[in-house]
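Can you look at this prediction? I've put the sequence above it.
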Amino acid sequence: MTTRTVTKKRTTPIVTSKQGVLTALTAFIIWGGFPLYFKKLAAYNATEIIGHRIVWTFVCVTIFMLVNRRWQWFSILKSQPKWLGVTFIAGLIIATNWLTYVWAVNHDRILEASLGYFIGPLVGVALSMLLFRERLRPLQWIAIGFALLSVAIQIVMIGSLPWLSLILAFSFSIYGTIQRQTPLTAIDAMFVETALLVPFCIGWFWQADVASSHLQFWFSSNIWLLMLAGPVTLIPLLLFNKSTKQVAYSVLSFMNYLTPTFIFFLAIFYYHEPFDMHRLAVFGLIWLGLLLFSIDLWRNRPSKRLS
């Protein structure tokens, strides 16, 4: 009998580069500027917009896959077919997130959308505790407590459950949770998700009474603005993926807050959505929770744990 000594491989921390930060910043700015684009599509039904986003994202990702000869996803799904069903569910979840976001933008509720993406990281931590039985640290518990308190204040002071913000937060966090487990890369997953959803989009276009239900619309000049949804979706994803290899995880985690911050500023200073003291209290508690969450994240960053 032969005894084999297994040496634990030491993880080398990523060194943050200026180029990596600029790459990540570009991705977050594009994501944060989405309201500017979707406002241009306000004349269309929100479901119609998302249908086009899925179709043209699939076209763009397909071109990217062909050019780069990415076929790993096929062997992964062939050897682990259960992930095909999981990926389909993930596609439905992210499509729900997209639909809710577009609806919010075109109904002048961008502020609620930004709140949803601020809440998202805290929802993700709570899901990790429930699904993966991860133990939360004290500051994480306090941060989640502030998030729950902000929801309670919205219910009491404003008189309504922030359902739009919660749908965005939970759908994005659940999607992220699935992505943590899937053997597919983000790009491969996006390709499979959109490929599975395209037939449903075409079917919806066929039976719905919207502009896209008419064949001539697809050959008109009006289609170009909707076609932009493909590259607008793919480009920041590619930039973000590239930045993950050039920016330390702790730095990238903090930069994630830039997107909802940009959306927040657009809502307040560009679209002039109402921002009273009640909403300030709600956002203030979320920001306080995120501050504590960020402090905890910095204290427990991977590079610090390496010895």
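Happy to help now that I have it.

Could you use CA atoms for every contact and neighbour count after this?
Noted.

for the stretch 101-250 of the chain, which spans come out with low pLDDT?
The model of the stretch 101-250 of the chain has pLDDT under 70 over residues 158-159, 250.

just the helices in it please.
Assigned helices in the stretch 101-250 of the chain, in chain order: 110-132, 138-153, 163-181, 186-207, 223-227, 229-243, 249-255 (criterion: DSSP state H, counting those that start in this stretch).

winner for burial among those?
Relative to the other members of the helices of the stretch 101-250 of the chain, helix 110-132 carries the highest mean neighbour count by mean count of other C-alpha atoms under 10 Å, namely a mean of 21.

CA-only coordinates of that one in CSV, if you can.
The C-alpha coordinates for helix 110-132 follow below in CSV (Å, rounded to 0.1, in the frame of the first residue of the first chain):
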residue,chain,number,x,y,z
ILE,A,110,-35.8,54.2,-10.4
LEU,A,111,-35.2,55.0,-6.8
GLU,A,112,-36.9,51.8,-5.7
ALA,A,113,-34.8,49.9,-8.2
SER,A,114,-31.6,51.4,-6.7
LEU,A,115,-32.8,50.4,-3.2
GLY,A,116,-33.3,46.8,-4.4
TYR,A,117,-29.7,46.6,-5.6
PHE,A,118,-28.4,48.1,-2.3
ILE,A,119,-30.4,45.5,-0.4
GLY,A,120,-29.1,42.7,-2.6
PRO,A,121,-25.7,42.0,-0.9
LEU,A,122,-27.5,41.6,2.5
VAL,A,123,-30.1,39.3,1.0
GLY,A,124,-27.3,37.3,-0.5
VAL,A,125,-25.7,36.9,3.0
ALA,A,126,-29.0,35.8,4.5
LEU,A,127,-29.6,33.2,1.7
SER,A,128,-26.1,31.8,2.3
MET,A,129,-27.0,31.3,5.9
LEU,A,130,-30.4,29.6,5.1
LEU,A,131,-29.3,27.5,2.1
PHE,A,132,-25.6,26.7,2.9
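
so that helix versus helix 163-181, what angle?
Counting by axes from the mean of the first three to the mean of the last three C-alpha atoms, to 10 degrees, helix 110-132 lies at 40 degrees to helix 163-181.

Which elements pack onto helix 110-132?
Helix 110-132 is packed against helix 82-106, helix 138-153, helix 163-181, helix 258-265, helix 277-299, with contacts defined by 3 or more C-alpha pairs under 8 Å, 6 or more residues apart in numbering; DSSP states H and E.
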